[in-house]
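Engineer: predicted structure and sequence below. I'll ask about it afterward.
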Amino acid sequence: MHSIRTQFISFIVALLLILLLLLNTYPLISSRDAIFEEKRSSMSAQASTAAAPLNGLERLNRENIAEVLRYLDLSGYSRVLVTDREGNPLYDSGSNALIPGDVATCLTGKTVFRSSFSEEAFVSSIAIPLSAQGELTGALYLTENDTERAEIILGFQNRIRVASLGIGALAMVLALLFIFLLLQRIRALVRSMRVVAEGDYSYRHVNKGRDEITELGEEFNQLTERLQSTEEQRRRFVSDASHELKTPLASIRLLADSVVQNENVDPETMREFVTDIGKEAIRLQRTTEKLLTLSRLDDGAASPAERIDLKRVVEATQMPLRPLAREKGVSLCLALEEGCRVLATEDDLFHIVFNLVENAVKYNVPGGSVEISLHRDEKQVTLQVSDTGIGIPEADRENIFNRFYRVDKARSREAGGSGLGLSIVHDAVLAHGGSITVGQNTPQGSVFTVSFPRPSTEEET
């Protein structure tokens, strides 16, 4: 497996090679092509100028050809060749006795231009047909060796190579420096991840710059912060849950030991012990059920939501709560509007209403009241539970939905509360897209307001 450094270096080297290759080829090719076109134009013009007086000759021979060429400026050409229509040389200023193949092509009536570049010179040639009175009489062939242009091209090429090596070396140094700094930042982020992976959730990565790696570091810090918060909640939850379960278990064990150690226990005392054990078992069962409900909500393992008539759910909670209300001397008042349907599960709605009303009854005063109202508007359905009880201090209101949180711990335990009911309400409301708030009732007590979005038209059908 290749490291990211190797991949970066390989990519940059490949990119530099491509750029240097283009830099060393494209300008030279463009320059050569420009010179080739210039040669074609100039040699075509000079060849046509030279061919014009030769076309006026009725018969071509060495003497009259030499006489005509004497007045023409063809000194820049390394070879001037004139042939008859069979390709036999009539005039040749060069030392090479071979007749080029372009001459044979030219004798078919075509003008042939050829140019090539070597390390020493531009070698260009042109062959143009000669004619008199509409008949082909021969061919004119010109050859040029341009060393001056070749030296310019070669010098330009050498300068480009030197510049390319310098640019490549500088770019490579800068690229290596950039890669080193980039990898240093990535390594620092990896070290931070390892620290957090070892369990130090309080550690925060130090971010520098304003780029994607900084953004990644900020996301990492936010994730670490959430992990720290989750870990703290988990530890607190385990501690509180252990404490809550330990209390009834200790009571059950103490009562059971008392029964076992006292052999001569009268039936009445035995009945009291067993009754107390039953109460603690019920308390333990309720706490366990609430923990399981919270675990289900945390896992998101809720049943599919349905259109539920919230009024019917509120009415269903009254039967198990009215005996408790009579025992506490608290009256229940209902003001429920028709057509208050929400998308949720019936079990979750029952838990929400039951816990809110149960708390309102438990922490009320003798002769107090609990009002349960339900109404709807175009956008939402609102459930409100208000009581005339002991109320909740403003400093505690932001914490009452935390698990195992109690405003008055002694009174909560006396009332049989576990500190989980409002947490279940809060999580169940949020799970179905709702919201919950708590405020002060007038003249005393608390008001809990739960709002759910109304189903859309498609969801209601």
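Structural biologist: Structure received. Everything numeric here is computed off the predicted structure, so don't read it as measured data.

Engineer: could you tell me which ranges of the stretch 51-200 of the chain sit under the pLDDT cut-off?
Structural biologist: Residues of the stretch 51-200 of the chain meeting the criterion pLDDT under 70: 119.

Engineer: quick one, strands of it?
Structural biologist: 79-84, 89-92, 112-117, 122-132, 135-146 (DSSP state E, counting those that start in this stretch).

Engineer: is it possible to get JSON lines of those that adds mean neighbour count?
Structural biologist: All C-beta spots, glycine's among them, are computed from the backbone N, C-alpha and C. Output for those, formatted as JSON lines (neighbours: other Cβ atoms under 10 Å):
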{"stretch": "strand 79-84", "mean neighbour count": "21"}
{"stretch": "strand 89-92", "mean neighbour count": "18"}
{"stretch": "strand 112-117", "mean neighbour count": "17"}
{"stretch": "strand 122-132", "mean neighbour count": "21"}
{"stretch": "strand 135-146", "mean neighbour count": "21"}
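
Engineer: out of those strands, which is closest to residue 189?
Structural biologist: Minimum separation from residue 189 across the strands of the stretch 51-200 of the chain (Cβ to Cβ) falls at strand 112-117, 54.7 Å.

Engineer: gap between that closest one and the chain center?
Structural biologist: How far strand 112-117 lies from its chain's middle: 57 Å, per Cα atoms, centre = their mean, to the nearest Å.

Engineer: any buried residues in stretch 143-162, and which?
Structural biologist: 143-146, 149-150, 153, 157, 160 (16 or more other Cβ atoms under 10 Å).

Engineer: I should have written stretch 207-217 there, sorry.
Structural biologist: Taking 16+ other Cβ under 10 Å as the neighbour-count basis, stretch 207-217 is seen to contain the buried residues 207, 213, 217.

Engineer: just stretch 252-268 next, same as before
Structural biologist: Neighbour counts over stretch 252-268 (16+ other Cβ under 10 Å) mark 252, 255 as buried.

Engineer: now do the same end-to-end measure for it.
Structural biologist: End-to-end span of stretch 252-268 (Cα to Cα, to the nearest Å): 18 Å.

Engineer: mind giving me the domain split of the chain?
Structural biologist: Per the record, the chain has its domains at 4-153, 212-294, 302-460, by automatic domain parsing.

Engineer: centre of the chain to the last one, how far?
Structural biologist: Going by Cα atoms, centre = their mean, the spacing between the C-alpha centre of domain 302-460 and its chain's C-alpha centre is 41 Å.

Engineer: go on, stretch 100-107?
Structural biologist: The answer for stretch 100-107 is 68 Å, by Cα atoms, centre = their mean.

Engineer: same check on stretch 120-132?
Structural biologist: A distance of 65 Å separates the centroid of the chain from that of stretch 120-132, by Cα atoms, centre = their mean.

Engineer: now do stretch 27-36
Structural biologist: Relative to the centre of its chain, stretch 27-36 is centred 47 Å away, using Cα atoms, centre = their mean.

Engineer: dump that stretch to CSV, keeping only the CA atoms.
Structural biologist: The C-alpha coordinates for stretch 27-36 follow below in CSV (Å, rounded to 0.1, in the frame of the first residue of the first chain):
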residue,chain,number,x,y,z
PRO,A,27,7.3,26.0,-29.0
LEU,A,28,9.9,24.2,-31.1
ILE,A,29,7.3,22.5,-33.2
SER,A,30,5.4,25.8,-33.7
SER,A,31,8.7,27.6,-34.6
ARG,A,32,9.7,24.9,-37.1
ASP,A,33,6.2,25.0,-38.7
ALA,A,34,6.4,28.7,-39.0
ILE,A,35,9.8,28.5,-40.7
PHE,A,36,8.5,25.8,-43.0
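
Engineer: how about it: buried residues?
Structural biologist: In terms of neighbour count (16+ other Cβ under 10 Å), stretch 27-36 has its buried residues at 28, 31-32, 35-36.

Engineer: closest to residue 314 out of those residues?
Structural biologist: Among the buried residues of stretch 27-36, residue 28 lies closest to residue 314 (Cβ to Cβ), at 88.7 Å.

Engineer: what helix or strand does that closest one sit in?
Structural biologist: Assigned by DSSP states H and E, residue 28 falls within helix 4-55.

Engineer: so of the buried residues of stretch 207-217, which ones are in helices?
Structural biologist: The helices, defined by DSSP state H, take in 213, 217 from these.

Engineer: and which of the buried residues of stretch 207-217 is nearest to residue 376?
Structural biologist: Closest to residue 376 out of the buried residues of stretch 207-217 is residue 217 (47.0 Å), distances taken as Cβ to Cβ.

Engineer: please enumerate the helices of the stretch 51-200 of the chain.
Structural biologist: Along the stretch 51-200 of the chain, counting by DSSP state H, counting those that start in this stretch, helices occupy 62-70, 101-106, 147-197.

Engineer: most tightly surrounded among those helices?
Structural biologist: Mean neighbours per residue, mean count of other Cβ atoms under 10 Å, is largest over the helices of the stretch 51-200 of the chain for helix 101-106, with a mean of 17.

Engineer: using CSV, list the CA coordinates for stretch 344-352.
Structural biologist: The C-alpha trace of stretch 344-352 is given here as CSV (Å, rounded to 0.1, in the frame of the first residue of the first chain):
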residue,chain,number,x,y,z
ALA,A,344,-47.2,8.9,16.1
THR,A,345,-47.5,5.6,17.9
GLU,A,346,-50.3,5.1,20.4
ASP,A,347,-47.9,3.7,23.0
ASP,A,348,-45.6,6.7,22.9
LEU,A,349,-48.6,9.2,23.1
PHE,A,350,-50.0,7.2,26.1
HIS,A,351,-46.6,7.5,27.9
ILE,A,352,-46.4,11.2,27.1
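
Engineer: who touches it?
Structural biologist: Defining contact as Cβ atoms under 8 Å, 6 or more residues apart in numbering, one finds that stretch 344-352 is touched by 293, 302-306, 308, 310, 313, 316-317, 342, 383, 424-425, 428-429, 431-432, 450, 452.

Engineer: also stretch 358-376?
Structural biologist: Outside stretch 358-376, the residues that touch it by Cβ under 8 Å, 6+ apart are 310-311, 314, 321, 324-325, 328-337, 339-340, 353, 357, 381-390, 411, 415-417, 421-422, 445-446, 448, 454.
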